[in-house]
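**Student:** here are the coordinates; sequence isn't available:
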């Protein structure tokens, strides 16, 4: 178990060299998220060999799991920011308390979402526009995946706890083991056992169970973390709950809105074809890879800025903010150029269907033009989380998804009867507007919270 001296040395090292500290945190996060993303990438590569309907079946599940991860990721962000600020303020008691509350929150979420998924899963898929050709495949995938939801949620909260204290290496190593296991199990369950789409769900679920068990062993048996879990003495604290919720709940709602936006877009894409849904899913997988470094930088910024804010190191906050945003823009500029020219070859990895390849390539070549703008929005949102502000990201997401992207897509598709490409235009316009608003909001927040 880490000592107070270890914590103080870690905070001091962040203050002495913020840019180096950012990469020391971000690189393990990027590696861990890359490994985690491989779960979905590997599934898609193997599932893609089963045909377009199998890809579409998984595509209809994506908004559901995005919803689940939205709740988990959002509240987990609240946990990370809360623990980081308490550690920065040298408040070990409340840091421990925040970690204990996160375990309770994980249990409640797991119970509710697992029950809802098993009872109402098929109805939800139908409501989302899942067609008769793929509904059985899609529900098979969802039903089996529900068995692993609780393990997924607990593991995500454990990662958030460790992120709050600046430990990114252990989650990365555990995630790596889970992904290796998933890679081994996928072809066995999908092809050798001839379970198809359901086999991919079984492979992922088993991997999630193993990851959860390792986290439990390291945190509760080996007591690896700086924070301590005294669950026998746990008592709810309104102060801690509100500290987590004020960042976590708006972020969760933000992710839920994005999930609902995915549902709406899938329903619009179905009006073109199920191939369009499958292609959007393929393009989304590539997007996830591109933004791994940005999410790593943004997540590291939440921890560092949270600690700096707790320690009242305001000049360091300004420096690391500029540094983090500029590096995010540079990375996405390079990725945009590469993807614009390589998109046709990238999509071949995921499917042999020429129609899906063509639609996905067109999507990527258009959407990559605004990757730098999207990176600004992502990074600014996590910076504000580190300052204890969750509401700005929520408001900006509502404007982007509900106020701009959704209505524009509906207008282009159903009123003007425009071709599929105009769906991508609606996303591009909304991302540009969101980036401008988030930049303005960050400047206002700094003037209000950071003394000169």
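**Tutor:** Thanks, I have it. Note that this is a predicted model, so its numbers are computed, not measured. Numbers count the residues shown, from 1 in each chain.
**Student:** hmm, who's touching stretch 387-400?
**Tutor:** 74, 77-78, 81, 85, 246-251, 253-254, 257-258, 305-306, 309, 317, 377, 381, 384-385, 430-431, 433-434, 437-438, 441, 445, 449 (CB atoms under 8 Å, 6 or more residues apart in numbering). C-beta: built from backbone N, CA, C; applies to glycine.
**Student:** average model confidence for stretch 346-365?
**Tutor:** Averaging pLDDT along stretch 346-365 gives 90.
**Student:** start and end of that stretch, how far apart?
**Tutor:** The first residue of stretch 346-365 is 11 Å away from its last residue (CA to CA, to the nearest Å).
**Student:** if I look at residue 178, how far off is residue 208?
**Tutor:** 7 Å (CB to CB, to the nearest Å).
**Student:** same question, residue 373
**Tutor:** Residue 373 is 34 Å from residue 208, by CB to CB.
**Student:** same check, this time on residue 403
**Tutor:** Relative to residue 208, and taking CB to CB, residue 403 is found at 36 Å.
**Student:** of these two, which one has the most company?
**Tutor:** Neighbours per residue, other CB atoms under 10 Å: of residue 403 and residue 208, the larger number sits with residue 208, 24 against 16.
**Student:** let me know the secondary structure of that one.
**Tutor:** helix (DSSP: H, G, I helix; E, B strand; the rest coil).
**Student:** that one touches residue 148, doesn't it?
**Tutor:** Yes: assessed by CB atoms under 8 Å, residue 208 is found in contact with residue 148 at 4.2 Å.
**Student:** tell me which element the residue nearest to residue 253 when sequence neighbours are not counted falls in.
**Tutor:** Nearest residue to residue 253 in three dimensions, chain neighbours excluded: residue 394, at 5.4 Å (CB to CB, 6 or more residues apart in numbering). Assigned by DSSP states H and E, residue 394 belongs to helix 391-397.
**Student:** just the buried positions in that helix, please.
**Tutor:** Neighbour-count burial for helix 391-397 flags 391, 392, 393, 394, 396, 397 (criterion: 16 or more other CB atoms under 10 Å).
**Student:** residue 262: which of those residues is nearest?
**Tutor:** Ranked by distance to residue 262 (CB to CB), the buried residues of helix 391-397 are led by residue 397 at 12.5 Å.
**Student:** report the separation between that closest one and residue 427.
**Tutor:** In terms of CB to CB, residue 397 sits 13 Å off from residue 427.
**Student:** over to residue 272?
**Tutor:** 15 Å.
**Student:** these two: who's more crowded?
**Tutor:** residue 427 (22 against 15).
**Student:** from residue 365, how far off is that one?
**Tutor:** Counting by CB to CB, the gap from residue 427 to residue 365 is 13 Å.
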